[in-house]
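[1] The sequence and its predicted three-dimensional model are supplied below.
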Amino acid sequence: MRQALILQKGVVWPFSASALLVLISLIFALFGETSTAKNVKARSQQESEAANLAHRIERVETGLLPPAVLKGETPARMRLADRMKFYKTPAVSIAVINDGRLEWARGYGVLEAGGKEPVTSETLFQAASISKSLTAMLALRLVEQGKLDLDRDVNKRLVSWKIPENEFTKEQKVTLRRLLAHTAGVTQPGFLGYAVDEALPTLPQILEGEKPANSRPIRVDMKPGAGFRYSGGGYVILQQLMMDVTGKSFPELIQKALLQKLGMTNSTFQQPLSPDLASRAAAGHLPNGQEIKGKWFVLPELAPAGLWTTPTDLARFVIEVQKSRLGRSNKVLSAASIKQMLTIEIDNVALGLLVDGQGNSARFSFSGANVGYKCRMLGYMNSGQGVVVMTNAENGAELTVEIIRSVAAEYGWPDFHPRERVVVKVDPGIYDRYVGEYEIAPGFILVVTREGDKLMSQAMPVPLPPSAAGQPKSEMFPESETTFFVKDADAQFTFVKNDKGQVIQVNIQRTTRLYQARKIK
């Protein structure tokens, strides 16, 4: 066949037309194969990453760890499903943050004991006191807007109600900073909530302790700034303060100023829940595993305890704090305001958050404990790691920490590893001296008993409600004749004697908090 010459821009191509078509076909085939190869490689990589993540999640689910281990022992890894049964906890939800992003979130169990409706990552739980962290962020946003001042007497801005003045407020005043850090000397540590068929008090009735409120009047009975005292009552004052300076209801205010901006689409401060949200909320459970009548209590004390949310949504809050601190995001607050929020005011207490650790261990956290719900959230400041765990049971507090230890082990965190303890030999006869009841806080005691050659402890509310039970009994192991520990809680117990050698108190060290429990019986 006669060869055809193809001219293009003065260039002579010595190819026949048919040869050129073959060449073009080969080129397209080559590029097509390259594109396909890239797609196959990308798909293979995605499948590999998904498989690795699935294995990682499985290791977390089967690697729960106790707080303490005897020297020389290897800590026994426990399964999440088994621990849920042990703690009589029907539902658990977990969200894990890694490298500054939500890496995975899963729900476990069912919405209510004996039910069949499964928990998902979108199941709502009561966040309890974690509500305070979001309230603090909202308050600092109002400070940025010039509507509030951290160090001004809040009575200057309160309109519909005023903090009654007394001898404690003559020289030092209640300020926003002190309310946020629990140093304002305000009463009322927490709130029980109300049955779903009970009448709900108004905010002024809660502040004044008037019926149908089931809590005492919120007052100042300690010099503001003199020391730390946990006060949910102080955050009720904040709720009224922010409503007064904005003219908006608290749920509306925080929804627009914070929840929407952070993409917390499964969160609300509305109490009671709307029927739509109530249909996908986990019911709360008592220590014996029994479901709360009406499924949960209603909390009109919104700012300290009223948030319904998911671990995924709280993870978005944690990530925003982490990024804002580094100046990488300012959806709600500037970097300067976030740093203010994370600045310790007293002990490890900052503004709406607890701050612990140094360097790679530097982290912020908060926990929640409404009746029937226990939860924890934490985030590391520098590594972009964190976790949120929510449960629907009174016994869920220790379970949340066991889960966090498993996450810490899997992701190589510097903290939350079982502590190695050394047991010493003591004469069991000395245990009789320690038997008795110790008041940890009003309405909550530690019961110490002797069972053979073992010293046992059990924390419980008093009076014990019908059909309820205290926390499970724990064996106390001696580190000395007066100091003991338990394997299933991060706690150390030191019995204190008077000059006559009589035991009058037990000091309970829980991580960074010391409780001095007086012997009452």
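    Nice, I can see it.

[2] Now for the most centrally placed residue in the chain: which residues touch it?
    Compute the mean C-alpha point of the chain, and by C-alpha atoms, centre = their mean the closest residue is residue 376, 2.2 Å away. Contact analysis of residue 376 by C-beta atoms under 8 Å, 6 or more residues apart in numbering lists 365, 366, 367, 368, 387, 388, 389, 400, 401, 404. For the C-beta atoms, the positions are set from N, CA and C on the backbone; glycine is no exception.

[3] The host helix or strand of it pairs with which strands, and in what direction?
    In the assignment (DSSP states H and E), residue 376 maps to strand 373-380. Strand 373-380 has these partner strands in its sheet, going by DSSP bridges: strand 363-370 (antiparallel), strand 386-391 (antiparallel).

[4] Return the most buried member of those.
    Compared across these, strand 386-391 shows the largest average neighbour count, a mean of 30 (mean count of other C-beta atoms under 10 Å).

[5] who's in contact with it?
    With C-beta under 8 Å, 6+ apart as the test, strand 386-391 has contacts from 87, 89, 91-97, 125, 127, 310-312, 314-315, 318-319, 322, 363, 373-380, 397, 399-400, 403-404, 407.

[6] Name the surrounding residues that touch stretch 317-334.
    Stretch 317-334 is contacted by residues 97, 100-102, 133-134, 137, 140-141, 144, 257-258, 261-262, 264, 335, 337-339, 341-342, 353, 364, 377-381, 384, 386, 388 when judged by C-beta under 8 Å, 6+ apart.

[7] ok, of those, which come out buried?
    With burial judged by 16 or more other C-beta atoms under 10 Å, the buried subset of these is 97, 100, 102, 133-134, 137, 140-141, 257-258, 262, 264, 337-338, 341-342, 353, 364, 377-381, 384, 386, 388.

[8] Would you map the helices across the stretch 151-300 of the chain?
    For the stretch 151-300 of the chain, the helices defined by DSSP state H, counting those that start in this stretch cover 176-180, 203-208, 232-246, 250-254, 275-278.

[9] of those helices, which approaches residue 501 most closely?
    The closest of the helices of the stretch 151-300 of the chain to residue 501 is helix 232-246. By C-beta to C-beta, the value is 39.6 Å.

[10] What count of nearby residues applies to residue 419?
    Neighbourhood size, residue 419 [other C-beta atoms under 10 Å]: 11.

[11] Name all residues that make contact with it.
    So residue 419 contacts 67, 68, 69, 490 (C-beta under 8 Å, 6+ apart).

[12] same check, this time on residue 193
    Residue 193 makes contact with 296, 297, 298, 299, 305, 370, 371 under the criterion C-beta under 8 Å, 6+ apart.

[13] hang on, the fourth one packs against residue 272?
    In other words, residue 299. No - in this structure, residue 299 is not within contact of residue 272 by C-beta atoms under 8 Å, at 9.3 Å.

[14] more crowded one of the two?
    Between residue 299 and residue 272, counted using other C-beta under 10 Å, the more crowded position is residue 299 (25 against 16).

[15] Report the separation between that one and residue 239.
    Distance, residue 299 to residue 239, by C-beta to C-beta, to the nearest Å: 11 Å.

[16] Assign a three-state SS to the nearest residue to residue 261 once chain neighbours are set aside, would you?
    Excluding the flanking residues, the one nearest residue 261 by C-beta to C-beta, 6 or more residues apart in numbering is residue 331, at 4.7 Å. Taking DSSP: H, G, I helix; E, B strand; the rest coil as the rule, one finds residue 331 in the coil state.

[17] Next one, pLDDT for the closest residue to residue 369 other than its chain neighbours please.
    In space, and not counting its chain neighbours, residue 369 is closest to residue 128: 5.4 Å by C-beta to C-beta, 6+ apart. Residue 128 carries a pLDDT value of 97.

[18] What distance do you get for residue 128 to residue 392?
    Applying C-beta to C-beta, the value for residue 128 to residue 392 is 11 Å.

[19] ok, the two, which is more surrounded?
    Neighbour tally, residue 128 and residue 392, criterion other C-beta under 10 Å: the higher count belongs to residue 392, 33 against 27.

[20] Wait, the more buried one touches residue 372, no?
    Yes - applying C-beta under 8 Å as the test, residue 392 and residue 372 come out as touching, 6.4 Å apart.

[21] and for these two, which residues touch both?
    Residues touching both residue 392 and residue 372 by C-beta under 8 Å, 6+ apart: 283, 284, 285.

[22] Please list only the buried members of those residues.
    Buried members of the shared contacts of residue 392 and residue 372, counted by 16+ other C-beta under 10 Å: 283, 284, 285.

[23] Surely the first one and residue 112 touch.
    This means residue 283. Yes - the pair residue 283 / residue 112 is scored as a contact, 4.0 Å apart, by C-beta under 8 Å.

[24] what's the overlap in contacts for the two?
    Counting by C-beta under 8 Å, 6+ apart, the shared contacts of residue 283 and residue 112 are 90, 291, 295.

[25] Give me the pLDDT for the nearest residue to the last one once chain neighbours are set aside.
    Residue nearest to residue 295 in three dimensions, not counting chain neighbours: residue 283, with 4.0 Å by C-beta to C-beta, 6+ apart. On pLDDT, residue 283 comes in at 98.

[26] go on, the one 10 residues further on?
    pLDDT for residue 293: 96.

[27] Could you find the closest non-adjacent residue to it?
    residue 195 (6.7 Å).

[28] follow-up on the earlier one: just so I know, which of the strands paired with strand 373-380 lies nearest residue 203?
    For the strands paired with strand 373-380, proximity to residue 203 was assessed by C-beta to C-beta; strand 363-370 is nearest, at 18.3 Å.

[29] need the helix or strand of this protein with the lowest average pLDDT.
    Between all helices and strands in the chain, the lowest mean by mean pLDDT, DSSP states H and E belongs to strand 6-8, at a mean of 43.

[30] Model confidence for residue 491, exactly?
    You'll see residue 491 listed with a pLDDT of 86.

[31] That one: how many residues sit nearby?
    With other C-beta under 10 Å as criterion, residue 491 counts 21.

[32] now the strands for the stretch 401-521 of the chain?
    Taking DSSP state E, counting those that start in this stretch as the test, the strands found in the stretch 401-521 of the chain are 419-421, 436-441, 444-451, 454-461, 474-478, 483-485, 491-497, 503-510, 513-519.

[33] does residue 119 really touch residue 94, like I thought?
    No - the criterion here is C-beta under 8 Å, and residue 119 misses it with residue 94 at 10.4 Å.

[34] Between these two, which contacts overlap?
    The contact sets of residue 119 and residue 94 overlap at 107, 108 (C-beta under 8 Å, 6+ apart).

[35] Which one's more surrounded, those two?
    Between residue 119 and residue 94, residue 94 has the larger neighbour count (other C-beta under 10 Å), namely 27 against 21.

[36] Show me what the more buried one is bridged to.
    Assessed by DSSP bridges, residue 94 has beta-bridge partners residue 106, residue 389.

[37] Am I right that it is in contact with residue 403?
    Yes - counting by C-beta under 8 Å, residue 94 does reach residue 403; the two are 6.4 Å apart.

[38] Between the two, which contacts overlap?
    Common contact partners of residue 94 and residue 403 (C-beta under 8 Å, 6+ apart): 60, 387, 389.

[39] Thanks again, I'm all set now.
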